[in-house]
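Enquirer: only geometry, no sequence info:
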Ligand SMILES: [Zn+2]
């Protein structure tokens, strides 16, 4: 007997994947196919091609054979369209998985997804508090900026969206910056405000220092990922002993608040 969607409440109508969700799936696996280890973004000239698809772990429309194979096994999420039941796979592995799914392969993929879910939950929980402390240290280190190294320049404080500054070809960088901004923007802003008001730091000087450094990097590099990395390195050298993540968070703050990366010419 064929089991239809109507008598299996787990199976609901397919839900389209938004760009944000697509990014989240890619980030979850660090851009690497969790089955074969292949990198799933292919640079072609200035473009970055997607070599992945979002796969259902438990199929959205199982064949009678799949229903039989997967009967009684654990399922992730409350229905087949939940984030928990989907995972980014390279096109080859996705095709193979969809066509040749066995009980073992289903359980393998389910286990991979469960691990990824618990890793990212732990990462978020642990990184949050530690990072806040480290960000404070990084920002404090910025207070020892040598004024002589500053150039006279007018800072532009336009509130530009990140998406206008980092082209889609730098998708990994974009997702990273967006995540940092989403989590830490207000926190970093408050720290800067507090330190500025208390006279420990001159935010205008710090911002112009970052911008000067960016302009120097920009002369030598064209890739935004490269510029981002070198700015993070530069900050690490200023805040000795600080973590890479804390420095990335602070540089992301400046990407968002406009000192880094000009708006992309449309
Ligand atoms: Zn693969």
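Expert: Thanks, I have the structure now. Please read all numbers here as calculations on a predicted model, not as lab measurements.
Enquirer: Can you pull the residues of the stretch 1-150 of the chain lying near the ion?
Expert: Residues of the stretch 1-150 of the chain lying close to the ion by Cβ under 5 Å from the ion are 33, 35, 36, 38, 90, 93. Heads up, the C-betas are built off the backbone N, CA and C, glycines and all.
Enquirer: what's the burial count for the residue nearest to the first one when sequence neighbours are not counted?
Expert: The spatially closest residue to residue 33, leaving aside those adjacent along the chain, is residue 90, at 3.8 Å (Cβ to Cβ, 6 or more residues apart in numbering). Applying other Cβ atoms under 10 Å, we find 22 other residues in the vicinity of residue 90.
Enquirer: Ok, residue 103 next?
Expert: A count of nearby residues for residue 103, using other Cβ under 10 Å, gives 14.
Enquirer: next one: the one 4 residues further on
Expert: Other residues within reach of residue 107 by the criterion other Cβ under 10 Å amount to 14.
Enquirer: Now do the helix or strand where it lies, average pLDDT.
Expert: Per DSSP states H and E: residue 107 is located in helix 103-141. Per-region confidence: helix 103-141 scores 77 on mean pLDDT.
Enquirer: swap in stretch 213-224?
Expert: On average, the pLDDT along stretch 213-224 is 74.
Enquirer: So the chain: which segments form each domain?
Expert: According to automatic domain parsing, the chain comprises the domains 5-101, 126-256.
Enquirer: Low-confidence ranges, the stretch 51-200 of the chain, go.
Expert: Within the stretch 51-200 of the chain, the stretches with pLDDT under 70 are 122-134, 141-170.
Enquirer: in which helix or strand would I find the closest residue to the ion within the stretch 151-266 of the chain?
Expert: Proximity of the stretch 151-266 of the chain to the ion (Cβ to the ion) peaks at residue 172, 17.6 Å away. Secondary structure from DSSP H and E places residue 172 in helix 171-197.
Enquirer: Report all helices and strands that that helix contacts.
Expert: For helix 171-197, the elements it packs on are helix 19-28, helix 103-141, helix 203-220, helix 224-238, helix 244-256, judged by 3 or more Cβ pairs under 8 Å, 6 or more residues apart in numbering; DSSP states H and E.
Enquirer: hmm, back to that, could you export the domains of the chain to JSON lines, including columns for distance to residue 111?
Expert: Output for the domains of the chain, formatted as JSON lines (distance: least, Cβ to Cβ, whole Å):
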{"stretch": "domain 5-101", "distance to residue 111": "10"}
{"stretch": "domain 126-256", "distance to residue 111": "22"}
